[in-house]
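Trainee: missing the sequence, but the structure's below:
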């Protein structure tokens, strides 16, 4: 099974803002960026497509194929009480503790990276072997979880993997 993971295009939020589960606007370059994504998918059948339900993903999914399905398990990390805050504002005791162990520690009223990986793995096990290929429009956290799941990249090394806005990442299952 061929899997195409696509990160949503650029967003129009201040740099350093925490916005995991929040719906945020796309940048004015959406049309150009979405065309660049479509050009990377030339020759790929787009009949089987899933998207995070957040608008920054569904807008792009709709450009690829209007018949996409959404799944909450493809959402970015839930930052809970930190949604909408600047990362610099999380320079407190718990924020620093979380940054040193984001894999196991949950954000206040949010989730840990392990929680994200668990829901991602549940999704993959549910869809595997149902189609020859699958397109997923999602977020950097989910794509990094895919690198861990499919390529055995150690969790602590996942943030060394570049996951740019509008990038396409392919995996074989």
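Mentor: Cool, the structure landed. From a predicted model like this one, the values you see are computed outputs, not experimental measurements. Numbers count the residues shown, from 1 in each chain.
Trainee: By mean pLDDT, flag the weakest helix or strand of this protein.
Mentor: Scoring the helices and strands of the chain by mean pLDDT, DSSP states H and E places helix 93-100 at the bottom, with a mean of 94.
Trainee: contacting residues for the residue nearest to the spatial centre of the chain?
Mentor: Residue closest to the mean C-alpha point of the chain, counted by CA atoms, centre = their mean, is residue 139 at 1.5 Å. Neighbouring residues of residue 139 by CB atoms under 8 Å, 6 or more residues apart in numbering: 7-8, 20, 52, 54, 57, 74-77. C-betas here are computed from N, CA, C, even on glycine.
Trainee: Generate a ChimeraX selection restricted to the buried subset of the residues you listed.
Mentor: In ChimeraX, selecting the buried portion of the contacts of residue 139, with burial taken from 16 or more other CB atoms under 10 Å, looks like this:
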select :7,8,20,52,54,57,74,75,76,77
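Trainee: Select from the contacts of residue 139 every entry located in strands.
Mentor: Residues from those lying in strands, with DSSP state E as the criterion: residue 7.
Trainee: Include distance to residue 125 and pLDDT when you put the contacts of residue 139 into JSON lines, please.
Mentor: As requested, the contacts of residue 139 are exported to JSON lines (distance: CB to CB, whole Å; pLDDT from 0 to 100):
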{"residue": "7", "distance to residue 125": "22", "pLDDT": "98"}
{"residue": "8", "distance to residue 125": "24", "pLDDT": "98"}
{"residue": "20", "distance to residue 125": "23", "pLDDT": "97"}
{"residue": "52", "distance to residue 125": "18", "pLDDT": "98"}
{"residue": "54", "distance to residue 125": "23", "pLDDT": "98"}
{"residue": "57", "distance to residue 125": "21", "pLDDT": "98"}
{"residue": "74", "distance to residue 125": "14", "pLDDT": "98"}
{"residue": "75", "distance to residue 125": "18", "pLDDT": "98"}
{"residue": "76", "distance to residue 125": "20", "pLDDT": "98"}
{"residue": "77", "distance to residue 125": "20", "pLDDT": "98"}
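Trainee: ok, of the contacts of residue 139, which one's closest to residue 65?
Mentor: For residue 65, the nearest member of the contacts of residue 139 is residue 57. The distance, counting by CB to CB, is 13.1 Å.
Trainee: wouldn't the closest one be in contact with residue 74 here?
Mentor: Yes. In this structure, residue 57 sits in contact with residue 74. The criterion is CB atoms under 8 Å, and the distance is 7.4 Å.
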